[in-house]
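Trainee: I would like the atomic coordinates for the input below:
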Amino acid sequence: QTSSRTALKAATTQATSLTHTMKTLAGQITDQATTVTDAVQAKALADAKTSVKDAITKVQDAAASARTTIDDTSGKVADDQTRQDAEKARTSALDLTTSATKLLDGEDTNALTAMATSLTSATKTLNDATTGVNNSHTTWQQAQDAAAAAAAAAAPATTQAPSSQTSSGDAYSDQTFSTGSGGSW
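Mentor: Numbering: from 1, shown residues only. Purely as a prediction, here's the structure:
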């Protein structure tokens with residue numbers, strides 16, 4: 001019984017020590033897992049912010065291109081609705097960039113990721129609308145060119161035939177001239 005009590009006391013001391021070691025190791029693992037999780041979340045947040053910044057730049061570039069196209073085609077499109085649609089898409093896209101810029105100050109990765117997707121969609125919509133304006137301008141230009149060609153074809157011919165007049169003495173012909181002596185020229 002005495003040796004059992006001594007062995008039991010030693011086993012209890014060893015179990016207490018191992019429990020303490022286990023708690024320390026569990027704490028270290030938890031701390032390391034938290035560090036890894038924080039690093040992953042920080043990376044995801046940084047990546048989301050970069051995606052939003054890149055998407056904002058693409059929207060702004062597309063908006064500038066649309067502005068030029070809209071301005072350059074005033075009165076030069078087959079369907080003016082295409083210009084109105086492009087202007088509406090441009091305004092909506094730029095409004096979205098304002099909201100996106102405000103999100104950049106926050107730390108909501110999910111909201112930033114969703115915004116990057118929305119900005120990409122807005123850029124596509126804007127580029128498609130700008131292409132619509134360009135296509136409408138091309139159609140208008142082809143109609144203008146066809147009308148000009150038709151007008152040119154219908155216009156009376158104004159080219160002059162070469163003149164057949166010559167001054168006397170300048171022209172030579174095969175005429176035979178008689179002289180009083182019977183000779184011919």
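Trainee: mind checking the SS state of S74?
Mentor: Following DSSP: H, G, I helix; E, B strand; the rest coil, we place S74 in the coil state.
Trainee: I29 now?
Mentor: The three-state label given to I29 by three-state DSSP is helix.
Trainee: so how many other residues sit close to D95?
Mentor: Applying other C-beta atoms under 10 Å, we find 11 residues neighbouring D95. For every residue, glycine as well, the C-beta is placed using N, CA and C.
Trainee: how much space between it and L126?
Mentor: Distance, D95 to L126, by C-beta to C-beta, to the nearest Å: 12 Å.
Trainee: next one: L103
Mentor: 20 Å.
Trainee: More neighbours: the two, which one.
Mentor: L126 (26 against 17).
Trainee: That one belongs to a helix?
Mentor: Yes: assessed by three-state DSSP, L126 belongs to a helix.
Trainee: wouldn't it be in contact with A86 here?
Mentor: Yes: assessed by C-beta atoms under 8 Å, L126 is found in contact with A86 at 7.4 Å.
Trainee: any shared contact partners between the two?
Mentor: A66 (C-beta atoms under 8 Å, 6 or more residues apart in numbering).
Trainee: Quick check: which element contains the spatially most central residue of the chain?
Mentor: Against the mean C-alpha coordinate of the chain, by C-alpha atoms, centre = their mean, the closest residue is A62 at 5.0 Å. Element membership for A62 (DSSP states H and E) is helix 2-72.
Trainee: What of A100?
Mentor: If you go by DSSP H and E, A100 is part of helix 81-103.
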